[in-house]
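K.L.:
mind looking at a prediction? Sequence and model below.
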Amino acid sequence: KDPSTILSRFQQYLQINTAQPHPNYYEAAEFIISQAKLLSLESQTLEFVKGKPLILLKWPGKDPTLPSILLNSHTDVVPSEHHKWTHPPFSAHLDSTTGNIFARGSQDMKCVGLQYLEAIRKLKSYGFRPLRTLYLSFLPDEEIGGNDGARKFVDSDVLAKMNVGIVLDEGLASPTHNYRAFYGERSPWWLVVKAVGAPGHGAKLYDNTAMENLLKSVEIIRRFRAAQFDLVKAGQKAEGEVISVNMVFLKAGTPSPSGFVMNLQPSEAQAGFDIRVPPTADQASLERLIADEWAPASRNMTFEFKQKVSVNDKLGRPAVTAVDSSNIWWALFEEAIIKANARLGKPEIFPASTDARYFRERGLPAIGFSPMANTPILLHDHNEFLNKDEYLKGIDVYESIIKTYASYIQYQRDDASREEL
Ligand SMILES: CSCC[C@H](NC=O)C(=O)O
Ligand SMILES: [Zn+2]
Ligand SMILES: [Zn+2]
């Protein structure tokens, strides 16, 4: 029950350098498997892609025929600019006055992966036995899109045989005392817009240059961006409910040994945009907008998607998890949070992407949740940290969630039976 050993296990996991693009996956795997052994959990290493192990842990339930619970996390982290951190990103330095633990992955999302394990440790310490089977998955490559991780996992027989009823995955820190929960996420559309035009002398004014053609698109896209952003600023829509568009690169000009040729108007220019589309957005009309106004052939423009994730699931419905009485897992989740003396804000759409989308795409309910209240949102930022007390509180919250989920006896329920819970 000594928090210092709990914290030192967290620090140990944080100290493993699993930064993209060269994550030390095997060291992380070894650590997780050793922890699983101490907890007498079954463990399995799946290597769908060589060099990218996925660790699957199992705590068998008393009734293995019931749908199981999957607690998911990813083991990789994003790179850091080491010299811009006050404490090195893999030191897991614990500040003795504030209790903040500094490390890349302290919020995103090594905290969650280990909190699951610590919650299980507590439950086992007083002899709790789950009715439903509990699985823990530690996935590679979330930060680079999950093609060699989550995608392979959800396509596998392994997942099919697990009979999963509910998935928990990552959320975001909350600066207030309310936790945040996510029932869907925006789809990434990574768009490259290309313009061509007549080259010519830098001193000449003429129409249809590549630069002018591209800049017209940039202006139109920026107006769209401003209108969406205004909805957020006015409080009419949440961040995850609008289409965001950010220009992420500009590429044009004729290189010269001293930089760029200054008196030549280039014949090609391109710009890249990271677009995020809410699950409820009209995908077809956005596609038309891009083709007709953002990159119209009439202006010598073409476009290409580097990434284009559908907003719908495999059955063509918006890929969201129900957060009303139709979803017992949501009701139980809310109940478990209250039992843990914690509070939850209104469920939200995650503004970026997580592995949860792969599960939702297949019609599995998935809730994005990282128990970090009173915490600035520092994922992917310098000096990412999590306070030790928030970390410890999160363990209690997962203890409550696991207990509630794993004890839930499913019966033919209708809305009346819900009242009995
Ligand atoms: C298209 S996969 C990219 C996944 C990444 N996830 C976390 O930041 C993101 O950019 O949202
Ligand atoms: Zn993450
Ligand atoms: Zn991330």
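P.N.:
That came through fine. Ligands and ions are numbered 1, 2, ... in the order given.
K.L.:
in this structure residue 78 contacts residue 141, no?
P.N.:
No. Using CB atoms under 8 Å, residue 78 is not in contact with residue 141; the gap is 11.8 Å. C-beta here means a position set from N, CA and C on the backbone, and glycine is covered the same way.
K.L.:
more neighbours, these two?
P.N.:
Set residue 78 next to residue 141 and count neighbours by other CB atoms under 10 Å: residue 141 wins out with 23 against 17.
K.L.:
one step back: so what's in contact with residue 78 and residue 141 at the same time?
P.N.:
Shared contacts of residue 78 and residue 141 (CB atoms under 8 Å, 6 or more residues apart in numbering): residue 20.
K.L.:
can you give me the helices in this structure?
P.N.:
Applying DSSP state H to the chain gives helices spanning 3-14, 25-38, 110-125, 150-155, 157-162, 210-233, 283-289, 328-339, 356-361, 388-407, 415-419.
K.L.:
of these, flag the one that's most buried.
P.N.:
helix 356-361 (a mean of 26; mean count of other CB atoms under 10 Å).
K.L.:
contacts for that helix?
P.N.:
70, 72, 146, 150-151, 153-154, 164, 167, 169-170, 182, 184-185, 187, 309-310, 313-314, 319-321, 350, 366-368.
K.L.:
out of these, who's near ligand 2?
P.N.:
residue 170 (CB under 5 Å from the ion).
K.L.:
from the contacts of helix 356-361, keep the buried residues only.
P.N.:
Buried members of the contacts of helix 356-361, counted by 16 or more other CB atoms under 10 Å: 70, 72, 146, 150-151, 153-154, 164, 167, 169-170, 182, 184-185, 187, 309-310, 313, 319-321, 350, 366-368.
K.L.:
is ligand 1 contacted by stretch 293-307?
P.N.:
Yes. Using CB under 6 Å from any ligand atom, stretch 293-307 reaches ligand 1 at residue 307.
K.L.:
mind listing what's buried in that stretch?
P.N.:
Quick answer for stretch 293-307 (16+ other CB under 10 Å): 294, 295, 296, 299, 300, 301, 303.
K.L.:
what lies in contact with that stretch?
P.N.:
Residues from elsewhere that reach stretch 293-307, judged by CB under 8 Å, 6+ apart: 145, 188-197, 208, 210, 213-214, 216-217, 220-221, 272, 290-291.
K.L.:
now stretch 312-325
P.N.:
Counting by CB under 8 Å, 6+ apart, 181, 183-184, 279-280, 283, 310-311, 327, 330-331, 347, 349, 357, 360-363, 365-367, 415, 418 sit against stretch 312-325.
K.L.:
next step: the buried ones among the contacts of helix 356-361 restricted to strands.
P.N.:
Under the assignment DSSP state E, the buried ones among the contacts of helix 356-361 contribute 70, 72, 164, 167, 169, 182, 184-185, 187, 350, 366-368 to strands.
K.L.:
dump these into CSV; add pLDDT and distance to ligand 1 as well.
P.N.:
Shown next, in CSV, are these (pLDDT from 0 to 100; distance: CB to the nearest ligand atom, whole Å):
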residue, pLDDT, distance to ligand 1
70, 98, 19
72, 98, 14
164, 98, 22
167, 98, 16
169, 98, 11
182, 98, 12
184, 98, 14
185, 97, 8
187, 95, 9
350, 98, 9
366, 98, 15
367, 98, 17
368, 98, 11
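K.L.:
any weak-confidence spans in the protein?
P.N.:
For the chain, applying pLDDT under 70 flags the ranges 1, 411-421.
K.L.:
ok, the most centrally placed residue in it to residue 226 distance?
P.N.:
What sits nearest the mean C-alpha location of the chain, by CA atoms, centre = their mean, is residue 354, with 2.5 Å. For residue 354, the distance to residue 226 (CB to CB, to the nearest Å) stands at 27 Å.
K.L.:
report the closest residue of the stretch 201-350 of the chain relative to ligand 1.
P.N.:
Closest to ligand 1 within the stretch 201-350 of the chain is residue 307: 5.1 Å, counting by CB to the nearest ligand atom.
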